[in-house]
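*Asks:* What would the 3D arrangement of this be:
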Amino acid sequence: MGQLLKGKVALITGASRGIGRAIAIELGKAGALIAINYLKDDIGAKKTSEVLSNNNIYHKIYKGDVKDFNFVNQMMDSVEKDFGRLDILVNNAGISKIGLLIDMTEEDFNEVMDTNFRSVFNCSNLAVKKMLKNNGGSIINISSIWGKVGASCEVLYSASKGAVDSFTKALGKELAPSNIRVNGIAPGVIDTAMNNIFSEEDKKQLENDIPMIRFGLAEEIGNTVVFLASEKASYITAQILNVDGGYL
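*Replies:* Prediction:
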């Protein structure tokens, strides 16, 4: 991707592992300065930091809960103080709870919706105020194909991602006159540790349901983020881009 994002400052939530880590790495390789956010996984965050350091990517780490508006406010101020600006926000933090809806509790509902959707509101609301100072920016929300079509036994997750999709489309239209683009990425089945719940037989069967006959790679999501964040995508906003190997 060369230096498409040279000098840009990017904040990625949930960047201690998996897709979030890959996004941070690919944005850094494209020239961006990286702000990493994570909640609990100290070991994972350290690993992300090590990979960035090994690639000579300047970065800082911000540990805290993006469900908490006050923390996000403090984090945004810290990013602005440490880097001087904020150009790119990637809302990646998310969780899923697998099971029947009748077995889900109010606590499950709150945790999934707050982690997957409230965090997007918190970070976007405060990031936009920083981006307006720079006369532009890019917000990229990591959604899911299940936000479009729903997944059995992942009702809360699907609903939260559906909310993210609608939020993305509406905010993209709202901010277009301010030169702030807002887009979403809906990954299909990506080869991360989250899929370790499946047996090898289940994985093989799932692969056979995907037209490209393989799981996606986390760096393929990262590369898509780089594209959407760059001037190569300057006329794209309020869109949800499927990256799913043709699954949907």
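*Asks:* what does the top helix by length along the chain contact?
*Replies:* Ranked by number of residues, the top helix in the chain under DSSP state H is helix 155-175. Helix 155-175 is contacted from outside by 91, 94-97, 101, 104, 108-109, 112-113, 115-117, 120-121, 124, 128, 139, 141, 143-144, 146-148, 150-151, 181-184, 186, 237-240, using CB atoms under 8 Å, 6 or more residues apart in numbering. C-beta: built from backbone N, CA, C; applies to glycine.
*Asks:* mind running it again at 7 Å?
*Replies:* Helix 155-175 has contacts (CB atoms under 7 Å, 6 or more residues apart in numbering) with 96-97, 101, 104, 108-109, 112-113, 116-117, 120, 124, 128, 141, 143-144, 146-148, 150-151, 181-184, 237-238, 240.
*Asks:* which of the residues in that helix are buried?
*Replies:* For helix 155-175, the buried set under the neighbour-count rule, 16 or more other CB atoms under 10 Å, comprises 155-165, 167-169, 171-172, 175.
*Asks:* now the end-to-end length of stretch 89-108.
*Replies:* 27 Å (CA to CA, to the nearest Å).
*Asks:* And that stretch, what's buried?
*Replies:* Per 16+ other CB under 10 Å, stretch 89-108 contains these buried residues: Leu89, Val90, Asn91, Asn92, Ala93, Gly94, Ser96, Lys97.
*Asks:* So what pairs up with the third one in the strands?
*Replies:* On the basis of DSSP bridges, Asn91 is bridged to Asn141.
*Asks:* From Val182, how far out is it?
*Replies:* Using CB to CB, to the nearest Å, Asn91 is found at 10 Å from Val182.
*Asks:* What of the second one?
*Replies:* Applying CB to CB, one obtains 12 Å for the distance of Val90 from Val182.
*Asks:* so who does Gly184 touch?
*Replies:* For Gly184, the contacting residues are Asn141, Ser143, Val164, Asp165, Thr168, Ile240, by CB under 7 Å, 6+ apart.
*Asks:* swap the cut-off to 6 Å and go again
*Replies:* Asn141, Ser143, Asp165, Thr168, Ile240 (CB atoms under 6 Å, 6 or more residues apart in numbering).
*Asks:* what comes up buried for stretch 219-239?
*Replies:* Buried, per 16+ other CB under 10 Å, within stretch 219-239: 219-230, 233, 237-239.
*Asks:* Residues touching stretch 58-70, excluding its own?
*Replies:* 13, 33-37, 39, 45, 52, 71-72, 75, 82, 93, 114-115, 118-119, 122-123.
*Asks:* Now which of the residues you listed would you call buried?
*Replies:* 13, 33-37, 39, 45, 52, 71-72, 75, 93, 114-115, 118-119, 122-123.
*Asks:* Contacts made by the lowest-mean-pLDDT helix or strand in the chain with the rest, please.
*Replies:* Least confident helix or strand, the chain: helix 200-208 with a mean of 89, by mean pLDDT, DSSP states H and E. The contact list for helix 200-208 (CB under 6 Å, 6+ apart) reads Ile213, Arg214.
*Asks:* Could I get the average pLDDT for the helix or strand following that helix?
*Replies:* Proceeding N to C from helix 200-208, the next assigned helix or strand is helix 218-229, under DSSP states H and E. Averaged across helix 218-229, pLDDT comes to 98.
*Asks:* Cool, thanks, signing off.
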